[in-house]
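**Q** Provide a 3D model corresponding to the input given below.
(2 chains)
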There are 2 protein chains.
Amino acid sequence: MERAILEGVVKLLEDGVPLAELSIERVARTAGVGKATIYRRWSGKEELFVDVVRAAEPPDPVLPGTSMRDDLVVLLESLRQRGLASRSSAILHNVYAQMKSSPKIWAAYHASVIAPRRALALDVLRRARQRGELRADVDLELANDMFIGPMLVRSVMRPDDDLPEGLAEQIVDTVLEGLRPVSSTAS
Amino acid sequence: MERAILEGVVKLLEDGVPLAELSIERVARTAGVGKATIYRRWSGKEELFVDVVRAAEPPDPVLPGTSMRDDLVVLLESLRQRGLASRSSAILHNVYAQMKSSPKIWAAYHASVIAPRRALALDVLRRARQRGELRADVDLELANDMFIGPMLVRSVMRPDDDLPEGLAEQIVDTVLEGLRPVSSTAS
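**A** Here you go, the predicted model:
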């Protein structure tokens, strides 16, 4: 039943129905269920819609936990996979764009998808700093943005950019190492 | 004359007219000029609109040229200033959001504003690498994304985030230094 409803929304999106016109009533009609059935599972259009996006996105990554570097590579690789998915899936591409112009849906997506991912990454960094794998004087939020920033700039802000295999490793290792010449005597 | 036309567009935007409905005809009427006058200066709505945004944005930075670090701080500080401007100016905020859903206007803005800024930054990095201020083995595009990524994530993708004074310096210095503990013996 849940599946039929999610597929009903995807069908409407594929038919080009804009997010703003996607009412619970219309979804119910398309899925062949009553509105009450939808409201038993989702409190509103925003929550339903976030689940549609989650179902279309690659699943959240499982961290190996072997080292900060390995965990970060897996986290960044999942950002790369989502970038690739949004390039190859017209639905996802279209949906991300529309979500941002709907503050309520964006807030729901942020709370249920982005915020937990961010918390997971900050947790990896916090534990790594305790173990001495990360400079002790670095702000964790800044460190997180240093890892995810280069990937997000390419995957989200420059949709024509390449997202080559190995990019996650390259970013993590370069951010850890820094950009100063190794032999530099600069302070 | 040019000024009256740009102000006419701003007035329409302030009145809440959506970008899609902002025709040259309507701009001409608002500014009290003929359509031909507008077409003598701009080839179309896209070019006119990009000039409106440029007039509302902080001006492009002048690089001191004293070191890569100084140039990068100035470049990142100008990103920070644009982020602050888009938070305090309802017009800019609204306009950035609408631009992204209009591929033609976004392409025009990209070609006349973003691409030259990016070229400028890559130039700074290329010269620095030649002078030995930047690791020789680092990809310049990646290096650029490492500097601008953390600032753009905060200024563009998380509009509620703080953009404190000193953030440009903090990002540049931390990216140069890297995140590994200084005493680390990890390879």
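
**Q** ok, A:Arg82 to A:Ala136 distance?
**A** A:Arg82 sits 32 Å away from A:Ala136, going by C-beta to C-beta, to the nearest Å. Just so you know, the C-beta spots here come from the backbone N, C-alpha and C atoms, and that holds for glycine as well.

**Q** Please, which helix or strand holds A:Trp106?
**A** In the assignment (DSSP states H and E), A:Trp106 maps to helix A:103-109.

**Q** Output that helix in PDB with nothing but the alpha carbons.
**A** Taking C-alpha atoms only, helix A:103-109 is exported to PDB below (Å, rounded to 0.1, in the frame of the first residue of the first chain):
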ATOM      1  CA  PRO A 103      10.300  26.300   2.300                       C
ATOM      2  CA  LYS A 104       8.100  23.800   4.100                       C
ATOM      3  CA  ILE A 105       9.200  20.800   2.100                       C
ATOM      4  CA  TRP A 106      12.800  21.900   2.200                       C
ATOM      5  CA  ALA A 107      12.500  22.200   6.000                       C
ATOM      6  CA  ALA A 108      11.000  18.700   6.300                       C
ATOM      7  CA  TYR A 109      13.800  17.200   4.000                       C
END
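
**Q** Can you tell me what sits against it?
**A** Helix A:103-109 has contacts (C-beta atoms under 8 Å, 6 or more residues apart in numbering or on different chains) with A:19, A:45-47, A:49-50, A:53, A:99-100.

**Q** Likewise for stretch A:1-11?
**A** Residues outside stretch A:1-11 that contact it (C-beta under 8 Å, 6+ apart): A:22, A:27, A:30-33, A:37-38, A:41, A:48-49, A:51-52, A:55-56, A:91.

**Q** Need the max-distance pair from those.
**A** A:Thr37 and A:Ile91 (23.1 Å; C-beta to C-beta).

**Q** What subset of the contacts of helix A:103-109 is buried?
**A** Buried members of those, scored by 16 or more other C-beta atoms under 10 Å in any protein chain shown, are A:19, A:45-46, A:49-50, A:53, A:99.

**Q** What about these, which are in helices?
**A** The helices, defined by DSSP state H, take in A:45-46, A:49-50, A:53, A:99 from those.

**Q** Flag the least confident of those residues.
**A** Lowest in pLDDT among those is A:Met99, which has 80.

**Q** which ones are touching it?
**A** Taking C-beta under 8 Å, 6+ apart, one finds A:19, A:49, A:53, A:105-106, A:109 in contact with A:Met99.
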